[in-house]
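fold the following.
(one chain, ligands or ions: 2)
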Amino acid sequence: MSSPEAAQATDAAQVTDAAQAAASMSLGEANERAQELRARIEEASAAYYGRDASIIDDATYDALVRELDALEREHPELQSQDSPTQTVQGAAAGGLPTIEHLDRMLSLDNVFSLDELREWCTKAEAASGRPVRWLSELKIDGLAINLRYERGALTSAATRGDGRVGEIVTPNALRVAGIPERLSGEGHPEVVEVRGEAFIPTQAFHELNALQEALRERAYEDALPRLGEERARKSAANRFPTFANPRNAASGGLRQQLEKKSGLEREAGDARVAALRMYVHGIGAWPDPPVAAQSEVYELLASWGLPTSPHSSVEDDVDGVVAFVERVGGDRHGFEHELDGVVVKVDELALHAELGQTSRAPRWAIAYKYPPEEVHTRLLDIVVSVGRTGRATPFAIMEPVHVAGSVVRQATLHNQDVVRAKGVLIGDTVVLRKAGDVIPEVLGPVADLRDGSEREFVMPSACPECGTELRPMKEGDIDLRCPNARSCPAQVRGRVEHIGSRGALDVEALGEVTAAALTQPSHPAEPPLVTEARLFSLTMDELVPIEVVVRDGETGEPKVDEETGEPVRRRPFQRNPTAAEKKAGATGPQPSKQAQTLLAELERAKEKDLWRQLVSLNIRHVGPVAARALAGWFGSLQAIEEATPQELAEVEGVGPIIADAVVEWLAVDWHREIVQAWRDAGVRFATPGHPGPGAAAEAGGPLVGITVVATGTLEGYTREGAQEAIIAAGGKAASSVSKKTDYVAAGPGAGSKLAKAEELGIRILDAEQFRILVEQGPEALPAVDGA
Ligand SMILES: NC(=O)c1ccc[n+]([C@@H]2O[C@H](COP(=O)([O-])OP(=O)(O)OC[C@H]3O[C@@H](n4cnc5c(N)ncnc54)[C@H](O)[C@@H]3O)[C@@H](O)[C@H]2O)c1
Ligand SMILES: [Zn+2]
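Ligands and ions are numbered 1, 2, ... in the order given. Model (predicted):
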């Protein structure tokens, strides 16, 4: 919850800022600002309600409205009756016939923090003069619809419009699954207005966008002979755009004039109506409903066959409401539809009348809005980075933007096909999504805001770091790679960084920055590491003179000295001699603490576990799990080198794909040079005391033909020690539990493997029983209780 809370704090701060700014303005300034705000709000509303397009993001829209509201409160003379703060936005755009609602359709007032929500509830309770029961509902991200039933028959369906007059959408509404043309049961009122939210469920939304993509492709092929490639692509993209969000797709779907469409457009339109659903969330004209609470209204409407939301909840007090808001917030994407908040309503109908309404919203309901997960920002550039494996990945550089608790400025775009599928141009305003801790994603462009200055991204043909021509690794691959694996600086840097990482040799002094210093220093011209072969042979004399350009931790851009305009440089591996050292005769720079730590840690790494050393070779598919399996079985790199592909593949936890990767890797001459250089420098590449591959199995032993998985902390054994004990006894030490597993030895900290063993009914041993097993064999184990 920490990040949404942080974002809320910022929102709240912005609102306070707006209020303070308003207070410090002269009337003239305030008037000017208010006019500017109104113009921007009206422009956004016109696009939103009229064209189903968001030209600014919702949070920005809400902030503009709040700022205007603060100004008008400070300077009441600026407030006019037609201000967006006083009216329901969304007047009919023309094109569709309209109808006057019998009872006005209102909007909702908003709160943006739990404090504000509590405060609002307390005030509403005080105004009620009696305890209030609260009805909490999901704020469905769709559009309001008004269904007028006369004696049980649907006579019109309309959008909200400006609250008084809406657009008639009856033909489409009648095709929405769940909207009955006739109410079931009997005793229906002479006339009743039922209000609800039309929406497109999330799953259906994704399917709809997949269909749009397919139609776009068909439209492109149809138009190709006539228009040529570029224009055909543009025309197809305009006819079948990717929908930015379910709300705008639903609104456009309900308001479209299907009878005017044909061909592919008709197919798209039909699918859009078919995707629509509706949940009831209120009533309009209904002279005297035979129930006393809003929640009972829903029950009655449900009995007439109208769809109601399964997620509403009646709470006795404000704490219950807050708990509901937190619960929903913790699982915001766990519902069948998107939501942007929770609507809290006074349940008792008599209180609705007593509390009344403003020109814009009821006083008996409030919308709590969650921090936004989608924001708009500008796509400044698309640049390509090359990673450890040589893959060239385009990523978006954006104007920094605050979303879901952090500042985002970059997002991966995966490959050139994804860039094209998203349809973004450099210079576009784009929709950026970041939900909680999820990796930020560019969803697509805000095409409405283009001014012609945007340009298409062109995937470079050469590696940006070494100039080698990029190509797919094998036929049919979409990803492009730099084939210069041996000495492309980006790849060497990535591999060196990987060697230092936790899952490999865990060399703390060898992180991203040090890897860059060793492979791409600004001085000397020839870097100490052209490949990783010399990593364990580095000397202090080589380290001390290294100079690097200091980069910004977040953007990766070189830092520039403000006075000289020169890039800031640093020598990470040296320091000035101390007075004492000078006295003792030292003249030049001395090795820094970091240089000493680095060499000392590299020295220690030479004798680390074999599996760590295997991982640090950067062999494809050989991560900690596969490396442990290989190390446990073979006991040395030499044994692995001597093994046939079959022997490698047969090891439990290895298999043919990893075996092939190992064999292929070992066959490359410059890889063998790395191994040789590391060996010469003293890297051990062996587990001391290991009996050798299958040696124990051949010699026989108490565990021949038996597979054991050791998991968790087994007293008296290290992780590798337990594996070695199994192998030494002639058994197979497996890394994952399967039907072929005979025993699972589990100590504290055992997780999913233990659960799997229980599920499969495999015998589980504690540390003591494990010792008996490996020393004396299965027969010596105590009988299973109750067996
Ligand atoms: N991005 C833009 O350019 C832009 C422009 C205009 C409006 N907007 C968005 O629309 C909002 C304003 O629109 P609004 O006036 O419709 O207000 P609103 O969406 O904040 O709240 C009112 C609406 O909530 C809906 N709703 C959903 N679930 C409900 C439930 N369970 N009970 C009752 N009502 C429920 C109803 O349709 C109701 O009309 C803004 O806050 C912004 O998020 C965005
Ligand atoms: Zn390269």
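
now the residue of the stretch 51-200 of the chain found nearest ligand 2: how far from ligand 1?
Here the stretch 51-200 of the chain gets closest to ligand 2 at one residue, residue 57, 37.6 Å apart by CB to the ion. The way it works is simple: take the backbone N, C-alpha and C, and place the C-beta from them, glycine included. As judged by CB to the nearest ligand atom, to the nearest Å, residue 57 and ligand 1 stand 6 Å apart.

now do the buried residues in stretch 87-107.
Within stretch 87-107, the residues scored as buried using 16 or more other CB atoms under 10 Å are 87-92, 96, 98-99, 101, 104-107.

scratch that, stretch 675-693
In stretch 675-693, residues buried by neighbour count (16+ other CB under 10 Å) are 675, 677, 678, 681, 683, 684, 685, 686, 687, 690, 691, 693.

and this protein, which residues reach ligand 2?
463, 465, 466, 468, 482, 484, 488 (CB under 5 Å from the ion).

what does whichever strand or helix holds residue 44 contact?
For residue 44, the host element (DSSP states H and E) is helix 27-45. Helix 27-45 is touched from outside by 22, 25, 54-56, 61, 64-65, 67-68, 71-72, 74-75, 77-78, 83-84, 89-90, with contacts defined as CB atoms under 8 Å, 6 or more residues apart in numbering.

can we see that at 10 Å?
21-26, 53-58, 60-61, 63-72, 74-75, 77-80, 82-85, 87, 89-91 (CB atoms under 10 Å, 6 or more residues apart in numbering).

now the host helix or strand of residue 513: mean pLDDT?
According to DSSP H and E, residue 513 maps onto helix 512-519. The pLDDT scores in helix 512-519 average 95.

quick one: contacts for the residue of the stretch 151-300 of the chain at minimum distance from ligand 1?
As assessed by CB to the nearest ligand atom, ligand 1 sits closest to residue 281 within the stretch 151-300 of the chain, at 3.6 Å. Going by CB under 10 Å, 6+ apart, residue 281 touches 135, 137-140, 144, 194-197, 294, 297-298, 301, 308-309, 312, 343, 345, 365.

hang on, it in a helix?
No - counting by DSSP: H, G, I helix; E, B strand; the rest coil, one finds residue 281 to be strand, located in no helix.

could you tell me which residues of the stretch 301-450 of the chain lie near ligand 1?
343, 367 (CB under 6 Å from any ligand atom).

wait, is residue 124 part of a helix?
Yes - assessed with three-state DSSP, residue 124 lies in a helix.

circling back: so which of the buried residues of stretch 675-693 are in helices?
675, 677, 678, 681 (DSSP state H).

and of the residues you listed, the nearest to residue 237?
residue 675 (51.6 Å; CB to CB).

any idea how far that closest one lies from ligand 1?
For residue 675, the distance to ligand 1 - CB to the nearest ligand atom - is 58 Å.

quick revisit: pull the distance from the helix holding residue 513 to the chain's centre.
In terms of CA atoms, centre = their mean, to the nearest Å, the centre of helix 512-519 is found 29 Å from the chain centre.

beyond it, next helix or strand please.
Later in the chain than helix 512-519, the nearest helix or strand by DSSP H and E is helix 540-543.

re the thing from before, for the buried residues of stretch 87-107, which one is nearest ligand 1?
Of the buried residues of stretch 87-107, the one sitting nearest to ligand 1 (CB to the nearest ligand atom) turns out to be residue 107, at 3.4 Å.

so the closest one: helix, strand or coil?
Assignment for residue 107 (three-state DSSP): coil.

which ones are touching it?
Residue 107 touches 87, 88, 89, 90, 144, 160, 163, 358, 360, 361, 362, 367, counting by CB under 10 Å, 6+ apart.

now do 6 Å
Shown in contact with residue 107 (CB atoms under 6 Å, 6 or more residues apart in numbering): 88, 360, 361.

now the last one: closest residue in space, sequence neighbours ignored.
If the residues on either side of it in the chain are set aside, residue 361 comes closest to residue 109, at 4.6 Å by CB to CB, 6 or more residues apart in numbering.

before we move on, the earlier item: for the residue of the stretch 151-300 of the chain closest to ligand 1, give its distance to residue 180.
17 Å (CB to CB, to the nearest Å).

same check on residue 723?
66 Å.

who has more neighbours, these two?
residue 723 (26 against 16; other CB atoms under 10 Å).

which positions in the host helix or strand of the more buried one come out as buried?
For residue 723, the element it lies in under DSSP H and E is helix 719-728. Buried residues in helix 719-728, counting neighbours by 16+ other CB under 10 Å, are found at 719, 720, 722, 723, 724, 725, 726, 727, 728.

could you do stretch 524-535 as well?
Neighbour-count burial for stretch 524-535 [16+ other CB under 10 Å]: 527, 528, 529, 531, 532, 533, 534, 535.

to what extent is the spatially closest residue to residue 739 that is not a sequence neighbour buried, counted in neighbours?
Distances taken as CB to CB, 6+ apart put residue 760 closest to residue 739, at 6.3 Å, once the chain neighbours are dropped. When neighbours are counted by other CB under 10 Å, residue 760 registers 12.

distance of residue 760 from residue 141?
Residue 760 is 44 Å from residue 141, by CB to CB.

list the helices and strands the longest helix belonging to the chain packs on?
Longest helix of the chain, by residue count under DSSP H: helix 202-239. Helices and strands touching helix 202-239, by 3 or more CB pairs under 6 Å, 6 or more residues apart in numbering; DSSP states H and E, are helix 263-275.

let me know the angle separating the helix it packs on from helix 202-239.
Helix 263-275 and helix 202-239 are oriented at 160 degrees to each other (axes from the mean of the first three to the mean of the last three CA atoms, to 10 degrees).

can you give me the buried ones in helix 263-275?
264, 265, 267, 268, 269, 271, 272, 273, 275.

what comes into contact with the host helix or strand of residue 407?
Using DSSP H and E, the element containing residue 407 is strand 406-412. With contacts defined as CB under 6 Å, 6+ apart, strand 406-412 is touched by 393, 395, 396, 397, 398, 400, 401, 434, 440, 441, 442.
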